[in-house]
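A.B. asks: Everything below, folded, please.
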Amino acid sequence: MSTALSSTDEALAPKTGWISEWRRAVSDARALFAFRAGTLRGKARRYAVIGIGIIGVITVLVAWLPAYLPEGDGRRLNVATLLPTGFIGILVLSIVSAAATAGGRELMPREQGVAFPVSATTDHLGALVMAPLNIAWLLESWTLIGAAAYVVEPSPKLVIAALGVCLWLATATAIAQCFAWALEWVRRGPRGLWIVRGIGAASAGFVAWIVATDRLVPILDNMVFFRWLAEPIVFDTISPFAWVLRIGAMLALLVGAVVLGAVLARAVARRQPRDEMRLETAAYQPKAMAGSQFAAL
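C.D. replies: Numbering: from 1, shown residues only. Below is the predicted model of the structure:
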């Protein structure tokens, strides 16, 4: 844990280059992961290992078995057409999930961070790494990987397609984390809670209007950028240069989102979490004890 404590007071620490800052953040995140893993004892450790193993096995099967399914009446082409929509879906789901968790503090609760503070960049990296443990994220990711495998069919390109989809999953998660930090920055500002509620209500109303007016499918069909990104994963008709260009675009988006997320996380850390503090310091009337353990559950 000593490594994680190297950034206890960023305000008093001497200014260093951004490479040193990122190196320290990665080191701190690694130490926090080791600390969290060290708290698992006995059955809890075995269950965690078994759970991670099951997730890995399911991921491999999902990326391999759909390629051997019978084609049917043009179903592979239909799935290929809908794959860009799946790209959009995983991005939207990641944004909603990250925004609902108020940004970061996945590796260390905020109350523990008071005594053992870590840098905002470490918080950001922890939130990115912990994002795949969300069951909704896993289910949609498996669906997207399986859809790509079904389109590609059994061939060496199956591995390339799976890696391309995984690259987009990482990119979408990093972009979503940027949105989450930005929303948390607004929420911690003046009248931030009401502004965020207004953004949520406006977004829900906008989506409802799109669905009610039958504009959803045309909007998805016109998302040219996502179709442009999906083509090198499932189609063989593009040149090697175009494939490298589009994979490079996803890599650039991933790196840019990770860096921007760290900048936004530092901006969030400079604002007081007034709503959380007000909730935690309020007085609550205790409820009556349940008559049985079943009633308590």
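
A.B. asks: Got phi/psi on the residue nearest to the spatial centre of the chain?
C.D. replies: Centroid-nearest residue in the chain, with CA atoms, centre = their mean: residue 173, separated by 3.4 Å. Main-chain torsions, residue 173, degrees, to the nearest 10: phi -60, psi -40.

A.B. asks: got a list of what it touches?
C.D. replies: Residue 173 sits next to 94, 98, 128, 131-132, 137 when contact means CB atoms under 8 Å, 6 or more residues apart in numbering. Yep, even glycine has a C-beta here, placed from its N, CA and C like the rest.

A.B. asks: Filter these down to the buried ones.
C.D. replies: Among the contacts of residue 173, those buried by neighbour count (16 or more other CB atoms under 10 Å) are 94, 98, 128, 131, 137.

A.B. asks: quick one: what helix or strand has the third one in it?
C.D. replies: When secondary structure is defined by DSSP states H and E, residue 128 falls within helix 120-130.

A.B. asks: Now do that helix: which elements does it pack against?
C.D. replies: When contacts are defined as 3 or more CB pairs under 8 Å, 6 or more residues apart in numbering; DSSP states H and E, helix 120-130 sits against helix 18-38, helix 157-187, helix 240-269.

A.B. asks: Tell me what angle it forms with helix 18-38.
C.D. replies: On the basis of axes from the mean of the first three to the mean of the last three CA atoms, to 10 degrees, helix 120-130 is oriented at 50 degrees to helix 18-38.

A.B. asks: What are the buried residues along stretch 179-194?
C.D. replies: Residues 179-188, 192 are the ones in stretch 179-194 that count as buried (16+ other CB under 10 Å).

A.B. asks: Any chance of those residues in a markdown table with pLDDT and distance to residue 157 as columns?
C.D. replies: Shown next, in a markdown table, are the buried residues of stretch 179-194 (pLDDT from 0 to 100; distance: CB to CB, whole Å):
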| residue | pLDDT | distance to residue 157 |
| --- | --- | --- |
| 179 | 88 | 32 |
| 180 | 87 | 34 |
| 181 | 88 | 36 |
| 182 | 89 | 37 |
| 183 | 88 | 38 |
| 184 | 87 | 40 |
| 185 | 89 | 42 |
| 186 | 88 | 43 |
| 187 | 86 | 44 |
| 188 | 85 | 46 |
| 192 | 81 | 47 |
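
A.B. asks: That's all I had, so thanks and see you.
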